[in-house]
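Peer 1: Please work out how this folds:
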Amino acid sequence: MKKQTVNIFHTAPLLIPAICLMAGIILGSHLLLAVPLCIMQLLGMVIATALLGRWAKLQTIGIALCAVMLGILVIEMDLSKVDDGEPSRIERTQQYFLHQRTLLLQRLQSSGLSDGQYAVVSAMALGDKSALTHELKDTYSKTGASHILALSGLHLGIIYALLSMLVVGRRWQMITQVAIILSIWAFVFLVGMSMSVVRSAVMLTVYALLAIGHRHKMSVNTLAFTAIIMLLISPQALFDIGFQMSFMAVFSILLFVPLFYRPFSAEYLMTHRIISWLWGMVAVSIAAQIGVAPLIAYYFGRFSCYFLLTNFIVIPAATLILYLSLATLLIPAIGVLLASIVGQLNTTLLFLSTIPGATIEGLQPSVMLTASIYGVVFAAYYLLWLTIPKTE
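Peer 2: Model (predicted):
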C-alpha cells in the first residue's frame, strides 16, 4: 500500500498567490504608500523573481512576495481613487436591472403572499432583504438557515441546473454554455451583485468553460483563481463578511467532502443511491459549517446546534421555492402553492428555534483566537487525511 500524501499547494498552485494577495491587501490597508512607489517596487520584484529561474524554491518565495506587493498596490490604488460622481457603465447596467427587480418584486407582492412569506421569497429569489423582520432573521439565524436567505452558490447552482436541463444534446455545447453563463450574470445584476453571488457566478463561469473541454471543474485552484480575480477588481471585498463566509464555506467543502467520502467505495455509493444522497447532505453540511462556524462566532457570537437537521429541511425547500417563484412570476395563481411551502418552512424553523439548546450564545472570540481555530481545523484535516484509509 502506498503511503498517503497530501499537498494542497501542489494540487492548487494558485492558492499561495491568492493567500499572499490577501495578506498584501490587509497590510496595504494599514499603510500609506504612494502608488508610483508600489509600482516600481513590484516591477523590481518581478524582474528579480524572473532571474531566479534556476532556483525553484527561491522563485516560489519571490512569486509569493510579488503577490503580497500586488495586494498592497491594488488596495492603495483603490483607496486613492477619486470618485468623479459619474456612474460607470457597470453601475448604470446594475441600476437598470435593479429597476427590473422592483417590477418583479411588485409582481410577487401581488401574488397572495403574506408579509413573512413575501420577505423570504424576495430574499431567496431576488436578493431583496428589505422586507425581512428582525424576528424572521433571528429565527433563520438560530436554526442555521440564514445561508438560504443570502444568495450564494446554492441558489446559482439550482438555476444553473435548471438552465442546463432545458438544453438538450451537446451539438451546440459552446453556444449553450455561453448562453447559460450570460443568463447567470444577468441574474447576478438583477439581485444586486452581492459578494457571495458574484463569487458563485465567477466560479460557475470557470466551471462552464472547463466543461466545454471536459476538464476537472470545481477545485481549490478554481476557488483561488476566483478570489484573485475578484480581489484585483475590488480589493476591499476582502473585508466584506459575505465574501469571507462564502469563500470559507466553499474552501471547506472542497477540502472536507472528499475526506468524508473516503470510507465509501464508488461502487457502494452507486448501488445505494439513498445512502449516497443522505451522506452527501451530511458531508456538505458539516464541511460548510466547519468553514463558517468560527466566522459566525466572531461576527455574530452564535453557534447553531441544529444546523444539520435544518439543512435537510431548507435545502430541498429552497429548491422548490426558487422554481415556484419563477413559475409564480409567469403564472401568479401558482402563488398559492408557493405561499403554502414558505409558510410551512417559516413555521418549522420557528419551532426548531424554540427547542432548548438550539444555539450557543455569547461567543466572542478574538481575531487571533479565530485564526488559531482555523489553524487547528486545517491541521486536523491533514491528520485525518493521513489516517483515514481510502476504500477502493
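
Peer 1: Any stretches of the stretch 151-300 of the chain with poor pLDDT?
Peer 2: Scanning the stretch 151-300 of the chain for pLDDT under 70 picks out the ranges 167-172, 211-217.

Peer 1: any idea where the helices of it begin and end?
Peer 2: Applying DSSP state H, counting those that start in this stretch to the stretch 151-300 of the chain gives helices spanning 153-166, 173-190, 195-212, 220-233, 241-260, 266-271, 273-300.

Peer 1: mind putting these in TSV, distance to Lys142 and mean neighbour count included?
Peer 2: All C-beta atoms are positioned from the backbone trio N, CA, C, and that covers glycine. Formatted as TSV, the helices of the stretch 151-300 of the chain follow (distance: least, CB to CB, whole Å; neighbours: other CB atoms under 10 Å):
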stretch	distance to Lys142	mean neighbour count
helix 153-166	19	17
helix 173-190	29	16
helix 195-212	21	20
helix 220-233	29	19
helix 241-260	17	20
helix 266-271	33	11
helix 273-300	11	17
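
Peer 1: and of the ones you listed, who's closest to Leu42?
Peer 2: Nearest of those to Leu42, taken as CB to CB: helix 220-233 at 12.9 Å.

Peer 1: one step back: please identify which of the helices of the stretch 151-300 of the chain is closest to Gln109.
Peer 2: For the helices of the stretch 151-300 of the chain, the distance to Gln109 is smallest for helix 173-190, at 16.5 Å, taking CB to CB.

Peer 1: Not counting its own residues, what contacts the closest one?
Peer 2: With CB atoms under 8 Å, 6 or more residues apart in numbering as the test, helix 173-190 has contacts from 93-94, 97-98, 100-101, 104, 126-127, 156, 159-160, 163-164, 167, 197-198, 201, 204-205, 208-209, 211-212.

Peer 1: can you tell which of the helices of the stretch 151-300 of the chain is closest to Leu32?
Peer 2: Set against Leu32 and scored by CB to CB, the helices of the stretch 151-300 of the chain come closest in helix 220-233, at 20.1 Å.

Peer 1: Start and end of stretch 26-37, how far apart?
Peer 2: When the termini of stretch 26-37 are compared using CA to CA, to the nearest Å, they are 18 Å apart.

Peer 1: domains for the protein, by residue range?
Peer 2: Using automatic domain parsing, the domain parsing of the chain gives 9-81, 149-239.

Peer 1: want to throw those domains into TSV with distance to Ser88?
Peer 2: Putting the domains of the chain into TSV (distance: least, CB to CB, whole Å) gives the following:
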stretch	distance to Ser88
domain 9-81	12
domain 149-239	12
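
Peer 1: Can you tell me, leaving aside adjacent residues, what's nearest to the residue most central in space within the chain?
Peer 2: Among the residues of the chain, Ser246 comes closest to the average C-alpha position under CA atoms, centre = their mean, at 3.3 Å. Leaving aside its sequence neighbours, Ser246 sits nearest to Ser196 (CB to CB, 6 or more residues apart in numbering; 3.9 Å).

Peer 1: how near is the one you found to Gly242?
Peer 2: For Ser196, the distance to Gly242 equals 5 Å [CB to CB, to the nearest Å].

Peer 1: among the domains of the chain, which is nearest Leu386?
Peer 2: Nearest to Leu386, of all the domains of the chain, is domain 9-81, at 15.4 Å by CB to CB.

Peer 1: From one end of the closest one to the other, what's the distance?
Peer 2: By CA to CA, the extent of domain 9-81 from end to end equals 34 Å.

Peer 1: how distant is it from the center of its chain?
Peer 2: 25 Å (CA atoms, centre = their mean, to the nearest Å).

Peer 1: And stretch 252-269, by the same measure?
Peer 2: Mean-position distance between stretch 252-269 and its chain equals 20 Å (CA atoms, centre = their mean).

Peer 1: Any idea how far apart the tips of that stretch sit?
Peer 2: 22 Å.

Peer 1: Any chance you could list what contacts it?
Peer 2: 8, 218-220, 223, 275-276, 279, 282-284, 286-288, 290-292, 378, 381, 384-385, 388-392.

Peer 1: what's near enough to touch the residue nearest to Val367 when sequence neighbours are not counted?
Peer 2: Distances taken as CB to CB, 6+ apart put Tyr298 closest to Val367, at 7.4 Å, once the chain neighbours are dropped. By CB under 8 Å, 6+ apart, Tyr298 lies in contact with Pro365, Val367, Thr370.
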